[in-house]
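*Asks:* Following is a predicted model, sequence given first.
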Amino acid sequence: MTSDNNSKTKMSLLALAAMKRRGDKIAVVTAYDAPSARLAEAAGVDVVLVGDSAAMAMLGYESTAPVTVDEMLMLTRAVTRGSSQPIVVADMPFGSYQASDEIAFENAVRFLKEGRADAVKLEGAKGTLSRVAALVDGGIPVMGHIGLTPQSVTMLGGYKPQGRTAAEARNLHGDAVALQSAGCFAVVLEAIPAPVAAHITETLRIPTIGIGSGVACDGQVLVWHDLLGLTFGHVPRFVKQYADVATLTRTALTTYVADVRASRFPGVEHTYSMAADELASFEAELAAAASRRRGPD
């Protein structure tokens, strides 16, 4: 698939790399179920990320840490059932790859075989580099993720931008190059100052996908609930809300409740009928049965 909405070809990693070379921007969105995946595909999205942000957006957790492999697999299966053209990338949740290369590989295989994902995403660099290399050597495509990495938010001192000093920027630049060398096909840059992200993007041969990291990135990603106005509570400053679906949904539900209480719903147009003679026969049978239960007068 290309960025042309009318294309019916499955997006490939080679096509994604070609988009970077041409300067074509890559559109990425998170999605967690089949209907959302269908809508993303119809809109021409290039990559669907089954993000561990589902922990908060869908499952009610307070952070991404508690979500399990099985929960992420369920969501990934739903997305791949609803989508055939975009690349589907599954987030590997906290604890599913940190312990060893072997555990990382076993869990990544599950996302491809059971979840039918095209690739997986791992957060961080340094200690993650051997995991990336092991997965890529085993034939599993890997997307990297540096900057603000939610799974490590406690160690980072909270949800705040990364790379705002020269030393931090230099480290992030080195991490991005290392992830490319380890075999990543793309890397997410989250909450990194725009000039730093621009330098990283210029250096790398692989695409960069920005979230709060400026327009110079090769592509952008937003969380489904954030861009549709379905997020309750704090919304990061880098989010652009493209619709207010929460208000529309609340209005629809409030109207529904009022219609039910006032017997305005369902109307005749929402019900099924039956032939008059069949209804008469049924009612006669009911009357006869009631008469037998009452007995003789």
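*Replies:* Okay, I see it.

*Asks:* helix or strand for Val29, which one?
*Replies:* Assigned by DSSP states H and E, Val29 falls within strand 26-30.

*Asks:* can you tell me the average pLDDT over the helix or strand containing His225?
*Replies:* In this assignment (DSSP H and E), His225 forms part of helix 224-227. Averaged across helix 224-227, the pLDDT comes to 96.

*Asks:* one step back: please identify the buried residues of the helix or strand following the strand holding Val29?
*Replies:* Remark: after strand 26-30, the chain's next helix or strand is helix 34-42, criterion DSSP H and E. Using 16 or more other Cβ atoms under 10 Å as the test for burial, helix 34-42 gives Ala34, Ser36, Ala37, Arg38, Leu39, Ala40, Glu41. Quick note: C-beta positions are derived from backbone N, CA and C, even for glycine.

*Asks:* contacting residues for the third one?
*Replies:* Contact partners of Ala37, counting by Cβ atoms under 8 Å, 6 or more residues apart in numbering, are Ala31, Val48, Ala78, Val79, Thr80, Arg81, Gly82, Ser83, Pro86, Val88.

*Asks:* any idea how the protein splits into domains?
*Replies:* Following automatic domain parsing, one gets these domains for the chain: 13-244, 249-294.

*Asks:* chain center to the first one: distance?
*Replies:* Read it as domain 13-244. The chain centroid and the centroid of domain 13-244 are separated by 9 Å under Cα atoms, centre = their mean, to the nearest Å.

*Asks:* all helices of the stretch 1-150 of the chain, in order?
*Replies:* Applying DSSP state H, counting those that start in this stretch to the stretch 1-150 of the chain gives helices spanning 13-22, 34-42, 54-57, 69-82, 101-113, 129-137.

*Asks:* Now render those helices as CSV, adding mean pLDDT.
*Replies:* As requested, these are exported to CSV (pLDDT from 0 to 100):
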stretch, mean pLDDT
helix 13-22, 98
helix 34-42, 98
helix 54-57, 94
helix 69-82, 98
helix 101-113, 98
helix 129-137, 98
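
*Asks:* Of the ones you listed, flag the one that's most buried.
*Replies:* Ranked by mean neighbour count, those are led by helix 54-57 with a mean of 22 (mean count of other Cβ atoms under 10 Å).

*Asks:* Against which helices or strands is it packed?
*Replies:* helix 69-82 (3 or more Cβ pairs under 8 Å, 6 or more residues apart in numbering; DSSP states H and E).

*Asks:* Go again with 7 Å.
*Replies:* On a contact count with 3 or more Cβ pairs under 7 Å, 6 or more residues apart in numbering; DSSP states H and E, helix 54-57 meets no helix or strand.

*Asks:* CA atoms only for it, dumped as CSV, please.
*Replies:* Extracted C-alpha coordinates of helix 54-57, given in CSV (Å, rounded to 0.1, in the frame of the first residue of the first chain):
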residue,chain,number,x,y,z
ALA,A,54,-4.6,0.3,25.3
ALA,A,55,-3.9,-0.4,29.0
MET,A,56,-5.3,3.1,29.8
ALA,A,57,-7.4,3.9,26.7
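
*Asks:* quick revisit: for the helix holding His225, which outside residues touch it?
*Replies:* Identification of contacts with helix 224-227 by Cβ atoms under 7 Å, 6 or more residues apart in numbering yields Val29, Thr30, Ala31, Tyr32, Ser36, Ala57, Thr231, Val235, Val239, Lys240, Gln241, Tyr242.

*Asks:* And the helices of the stretch 1-150 of the chain: which comes nearest Leu204?
*Replies:* Comparing the helices of the stretch 1-150 of the chain against Leu204 with Cβ to Cβ, the closest turns out to be helix 13-22 (8.5 Å).

*Asks:* now that closest one and strand 26-30, what's the angle there?
*Replies:* Angle of helix 13-22 versus strand 26-30, following axes from the mean of the first three to the mean of the last three Cα atoms, to 10 degrees, is 130 degrees.

*Asks:* those strands in this structure, which residues are they?
*Replies:* Per DSSP state E, the chain carries strands over the ranges 26-30, 47-50, 87-91, 119-121, 142-147, 186-190, 208-211, 219-222.
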